[in-house]
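Novice: Sharing a sequence plus its predicted fold:
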Amino acid sequence: MTGPSRTVPDPEDLIVAPSLLAADFAVSAARDVAEVADWLHVDIMDGRFVPNRTIGLDHFAALRAATSIPLDTHLMISDPEEWAVRYAEAGSTYVTFHAEACDDPAALAKDIRAAGARPGLAIDRDTPVEPYLELLPHIDMLLIMTIKAGAGGQAFLPYLLEKVRTARAHRDASQLQVRIEVDGGIAEDTIGQAVQAGADTFVAGTAVFRADDPVTAVRRLRELAVTASARAESNAVPSDGEDKR
Ligand code: DX5
Ligand code: ZN
């Protein structure tokens, strides 16, 4: 069933975005999975908003030059107002900044859009989603962390999917096109739950780049997501005709 009450994404809307953090931002790794992935996820950490530091604009530009795949830039930095537009101008398709680091998310989203990218807003593990629902019309993506932001390889925290359910219900009720992305611990055994909760965009670092064959891992994750979405669709209206969602 489709329509305003559907609370899981359609199979054709699903995006798998391997996170280059797990590949040490190697250009060769980016090229390898660019053939099969929808986007590549690029984590920018500044050593202040989170303890780790990753790459800067120069290395980002090298990644941008290496492939034509959409780049999904995730800014884990304490001064996104200073950097977000630069990452947009450097060729990001999405630039996502953290709610915890920004005083005026709607204004920054507008600046990102004016610089030619799509704005995303990220919500870290300990931040409730409700105060940010009113911002959904201003952004193109809501990133719900499914770990504490700052490092790859952490265990998926299933209780955070409640935020995904809340955001998805609000999105659908308001008929918004905003994507709902999950980031952290997404793997073969967790991606289905995230789909059922209403996520449509899946970041996966360890599950892709620490697999024996990253290309096969991307394909497998997408297959599992599509299966979970299709299953949710066929279960949407029980055969007795009573809608139990
Ligand atoms: C961590 C980053 C993630 C990270 C996910 O804060 O935002 O994108 O690469 O790594 P995994 O998939 O290993 O949890
Ligand atoms: Zn990330």
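Specialist: Sure thing, it's come through. Ligands and ions are numbered 1, 2, ... in the order given.
Novice: if you skip the residues just before and after it, what's nearest to the most centrally placed residue in the chain?
Specialist: Averaging the C-alpha coordinates of the chain gives a centre point, and the residue nearest to it by Cα atoms, centre = their mean is Glu181 (3.1 Å). With Cβ to Cβ, 6 or more residues apart in numbering as the measure, Thr201 is the residue that lies nearest to Glu181, at 3.8 Å, once sequence neighbours are left out. To be clear about C-beta, it is placed using only N, CA and C from the backbone, and glycine gets the same treatment.
Novice: Kindly report the residues of this structure close to ligand 2.
Specialist: Taking Cβ under 5 Å from the ion as the criterion, the neighbours of ligand 2 within the chain are 43, 74, 183.
Novice: Now the first one: which helix or strand?
Specialist: Secondary-structure assignment from DSSP states H and E places Asp43 in strand 40-45.
Novice: contacting residues around Ala187?
Specialist: The contact partners of Ala187, taken as Cβ atoms under 8 Å, 6 or more residues apart in numbering, are 156, 204, 206-207, 221.
Novice: And Ala117, by the same measure?
Specialist: 73, 87-88, 92-95.
Novice: can you list those in a markdown table and add neighbour count and secondary structure?
Specialist: Shown next, in a markdown table, are these (neighbours: other Cβ atoms under 10 Å; DSSP: H, G, I helix; E, B strand; the rest coil):
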| residue | neighbour count | secondary structure |
| --- | --- | --- |
| Thr73 | 28 | strand |
| Tyr87 | 27 | helix |
| Ala88 | 22 | helix |
| Ser92 | 27 | coil |
| Thr93 | 16 | coil |
| Tyr94 | 27 | strand |
| Val95 | 34 | strand |
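Novice: mind listing the strands for the chain?
Specialist: In chain order, the chain shows strands spanning 15-18, 40-45, 71-76, 94-98, 118-123, 141-145, 179-183, 201-204, with DSSP state E as the criterion.
Novice: how far off strand 94-98 does the second one point, in degrees?
Specialist: Spelled out, it's strand 40-45. In terms of direction (axes from the mean of the first three to the mean of the last three Cα atoms, to 10 degrees), strand 40-45 departs from strand 94-98 by 30 degrees.
Novice: Repeat that for the fifth one.
Specialist: For strand 118-123 and strand 94-98, the angle between their directions (the same axes, to 10 degrees) works out to 30 degrees.
Novice: what's the answer for the third one, then?
Specialist: Taking the same axes, to 10 degrees, strand 71-76 and strand 94-98 form an angle of 10 degrees between their directions.
Novice: so what secondary structure elements neighbour strand 71-76?
Specialist: Using 3 or more Cβ pairs under 8 Å, 6 or more residues apart in numbering; DSSP states H and E as the contact criterion, the secondary-structure elements in contact with strand 71-76 are strand 40-45, helix 57-66, helix 80-89, strand 94-98, strand 118-123, strand 201-204.
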